[in-house]
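Peer 1: Sharing a sequence plus its predicted fold:
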Amino acid sequence: MAVAATALPRASFSQVAAPPASHEPLRELPYAAVQLAAGPFKQQYDALQAHYLSLDNDRLLKVYRQRAGLPAPGADMGGWYDLNGFVPGHALGQFISGLARLAAGTGDQACHEKVHALVTGFGATLGPNNQSILRPETNLWTCYTLDKHFVGLIDSARLCNITESKDLLARVLRGAKTLLPAQGRNRIGKKDPPYDETYVMPENLFNAHELSGDPAFQELAIRYLLDHEYFDPLARGENPLPGQHAYSHAIALSSAGKAYLTLGDVKYRDAMRNAFTLLTTQQQFASGGWGPNETFITPHRAELYASLSSTVDHFETPCGSYAATKLARYLLRTTADPRERVGYADYLERVLYNTTLAARPPDSDGDYFYYSTYSPMATKVYYKSKWPCCSGTLLQTVADYPIDIYMQSEQGIDVNLYIPSVVSWTQGGGRISLAMETDYPAADQVSISISPERPADFRLGLRVPSWANGKAKVTMGGQAIASGVPGTSIEIRRRWKSGDAIRLTIPQDFRVEPIEEHYSATVALMRGPLQYVALSPPKGLNEDRMALPGNLREQDTQTFLEGSGSRQVTFVPLHQIGPETYTSYFSRA
């Protein structure tokens with residue numbers, strides 16, 4: 001039964017002061033400031049833009065029109081999305097959000113028009129009661145779906161200038177008022193109720209308040225922050241993760257990031273930092289994924305190792321990747337220490353290459369990649385039902401590629417990721433353009449050219465990954481000008497003029513990463529940020545003792561062979577695997 005939300009005194013929120021600018025030493029650049037130039041990220045970005053543009057608007061809106069008693073042309077979507085599906089219409093807001101991000105990043109008129117058509121079509125179905133939730137009688141997934149409505153309307157207003165979206169935000173909130181729980185609810189594990197995910201909501205509720213000025217959004221945001229069960233223990237240095245539903249609690253950290261930037265309470269920053277440490281030291285596979293069977297493991301019990309033989313559902317990939325990349329960006333934005341930022345960017349890079357980029361492309365009728373598999377003789381398969389949750393987060397994660405690569409400070413620009421791209425920004429009153437060309441991480445070199453409209457003084461920060469095999473070096477005109485050891489940032493401060501060009505060299509080599517502390521002989525093969533897997537391996541390869549990472553010889557820029565004579569094993573980056581069988585973990589001699 002629905003629980004009516006109890007109104008809180010507004011005076012308690014009106015006194016909240018905005019945090020100082022020092023809370024955000026780095027800032028995300030606008031989507032339009034960065035253009036992907038080449039390489040696998042650009043290819044995936046373009047392919048998914050075409051894919052989501054091709055989705056029929058009538059099909060996407062059909063369940064909403066059916067509920068409203070309006071003409072509802074178009075074929076049924078099927079799977080989770082239909083009126084009698086698992087979560088009817090759940091991904092519409094995410095489709096609008098992701099398309100708005102693509103529209104802002106590319107300027108593509110088709111994306112703008114599709115966002116406008118979907119927002120207008122959605123608004124026409126709300127009716128006099130402003131009802132947007134398609135299955136209110138169950139009340140299991142109200143907040144889960146409502147949050148997606150909010151993000152779609154927020155992004156369409158901010159990124160596509162659709163003025164109607166601000167009015168729809170208020171209407172959607174009014175229509176859902178009687179369905180909302182009185183407080184946030186903690187979801188334990190994959191299947192144990194309550195299923196709804198209120199702790200995902202505060203980030204977008206804070207954003208809705210910023211956009212609309214309506215204090216009701218901020219009141220709900222603060223009410224739904226999962227302080228007692230989650231953020232308070234994390235801030236105290238405790239570990240509340242074991243047994244929790246993985247994606248839900250990872251995406252909740254974005255609510256902590258937004259709460260810190262909005263309210264200025266360092267508890268939320270400290271919670272994010274401790275959660276990051278727990279994720280990367282106790283929960284993480286080599287790919288950067290976590291949460292076998294969608295559940296955080298209990299550390300020091302060999303549960304990651306055991307999962308290699310007990311399940312094929314190792315990482316809920318597009319959803320988990322979305323949570324991981326958002327967490328990394330919040331940490332980058334709110335951290336002043338350059339060494340800490342290197343660790344966050346390393347994590348961002350690892351996750352993007354080995355999970356999002358490695359996702360199997362969707363088909364044309366609702367089949368989407370869901371779980372990454374790290375057990376032996378694995379294949380990349382679609383989820384059992386059409387239009388799962390990952391159909392929305394895949395689009396949002398890939399549409400965010402432009403804002404992952406760079407961040408701006410008062411002093412200049414930081415390069416988080418070495419992805420071919422062009423970025424433009426304003427520094428000291430003048431426009432500056434930076435172009436990055438590279439085949440990294442297949443190659444060790446990154447070329448960067450600077451084109452300010454007039455000579456400009458600013459700082460260029462270049463990440464030296466923690467995994468680098470020795471010092472990274474920067475040259476200009478063939479002369480060495482800077483270097484940095486692994487895990488640091490190279491800071492180049494100079495007066496830049498048009499035509500300046502530098503080359504960064506990051507030495508790489510193979511290394512192995514044990515799956516867990518007590519199973520150090522079970523390892524993944526890594527080179528730079530990439531996880532290498534055995535392509536079409538012989539059965540039982542994972543049990544053979546191999547002298548990794550030695551005895552590898554290069555066949556081309558990214559393919560390596562191990563062994564000789566009657567047995568040769570081919571290793572390729574996980575993101576290059578298509579329909580082939582692969583093995584991710586090996587026994588080290």
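Peer 2: Right, received. Where do you want to start? Numbers count the residues shown, from 1 in each chain.
Peer 1: Straight-line length of stretch 191-204, end to end?
Peer 2: By C-alpha to C-alpha, to the nearest Å, the extent of stretch 191-204 from end to end equals 25 Å.
Peer 1: What are the contacting residues of it?
Peer 2: 139-144, 146-147, 150-151, 154, 181, 183-187, 220-222, 224-226, 230, 248-249, 251-252, 254-255, 257-259 (C-beta atoms under 8 Å, 6 or more residues apart in numbering). The way it works is simple: take the backbone N, C-alpha and C, and place the C-beta from them, glycine included.
Peer 1: Keeping just the C-alphas, turn whichever strand or helix holds D167 into CSV.
Peer 2: D167 belongs to helix 164-176 when assigned by DSSP states H and E. Presented in CSV, the C-alpha positions along helix 164-176 are these (Å, rounded to 0.1, in the frame of the first residue of the first chain):
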residue,chain,number,x,y,z
GLU,A,164,8.0,22.2,-21.5
SER,A,165,10.2,19.8,-19.5
LYS,A,166,10.4,22.1,-16.5
ASP,A,167,6.6,22.1,-16.2
LEU,A,168,6.4,18.4,-16.7
LEU,A,169,8.9,17.9,-13.8
ALA,A,170,6.5,19.5,-11.4
ARG,A,171,3.5,17.6,-12.8
VAL,A,172,5.2,14.3,-12.6
LEU,A,173,6.1,14.9,-9.0
ARG,A,174,2.5,15.9,-8.1
GLY,A,175,1.1,12.9,-9.8
ALA,A,176,3.4,10.5,-7.9
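Peer 1: how big is the angle separating the helix or strand just after that helix from helix 164-176?
Peer 2: Note on helix 164-176: by DSSP H and E, the next helix or strand toward the C-terminus is helix 202-212. Counting by axes from the mean of the first three to the mean of the last three C-alpha atoms, to 10 degrees, helix 202-212 points 130 degrees away from the direction of helix 164-176.
Peer 1: can you pull the buried residues of stretch 102-121?
Peer 2: 102-106, 111-112, 114-116, 118-119, 121 (16 or more other C-beta atoms under 10 Å).
Peer 1: Paired strands for whichever strand or helix holds A480, with orientation please.
Peer 2: Of the helices and strands defined by DSSP H and E, A480 is found in strand 479-484. Partners of strand 479-484 in the sheet, by DSSP bridges, are strand 472-476 (antiparallel).
Peer 1: What lies in contact with the partner strand?
Peer 2: 462, 464, 480-486, 490, 492, 500-507.
Peer 1: can I get the CA coordinates of that strand in CSV?
Peer 2: Taking Å, rounded to 0.1, in the frame of the first residue of the first chain, the C-alpha atoms of strand 472-476 are listed here in CSV:
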residue,chain,number,x,y,z
ALA,A,472,56.3,8.8,-18.6
LYS,A,473,58.0,11.5,-20.6
VAL,A,474,56.9,14.6,-22.5
THR,A,475,58.8,16.1,-25.4
MET,A,476,58.3,19.2,-27.4
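Peer 1: Okay, buried residues for it please.
Peer 2: Buried, per 16+ other C-beta under 10 Å, within strand 472-476: 472-475.
Peer 1: Stretch 277-286 now?
Peer 2: 278-280, 282-286.
Peer 1: now swap in stretch 455-464 and tell me
Peer 2: Result for stretch 455-464 [16+ other C-beta under 10 Å]: buried residues 456, 458-464.
Peer 1: can you put the buried residues of strand 472-476 in CSV and add distance to I577 and pLDDT?
Peer 2: What follows is the buried residues of strand 472-476, written out as CSV (distance: C-beta to C-beta, whole Å; pLDDT from 0 to 100):
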residue, distance to I577, pLDDT
A472, 29, 98
K473, 33, 98
V474, 34, 98
T475, 35, 98
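Peer 1: still on that earlier bit, please pick the buried ones from the contacts of stretch 191-204.
Peer 2: Buried among the contacts of stretch 191-204 by 16+ other C-beta under 10 Å: 139, 141-144, 146-147, 150-151, 154, 181, 184-187, 220-222, 224-226, 230, 248-249, 251-252, 254-255, 257-259.
Peer 1: Which of those fall within strands?
Peer 2: Among the buried ones among the contacts of stretch 191-204, no member falls in strands (DSSP state E).
Peer 1: In helices, which of the residues you listed fall?
Peer 2: 142-144, 146-147, 150-151, 154, 220-222, 224, 248-249, 251-252, 254-255, 257-259 (DSSP state H).
Peer 1: that older thread, got the buried residues of strand 472-476 as CSV, with distance to V200 columns?
Peer 2: Converted to CSV, the buried residues of strand 472-476 look like this (distance: C-beta to C-beta, whole Å):
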residue, distance to V200
A472, 38
K473, 43
V474, 41
T475, 46
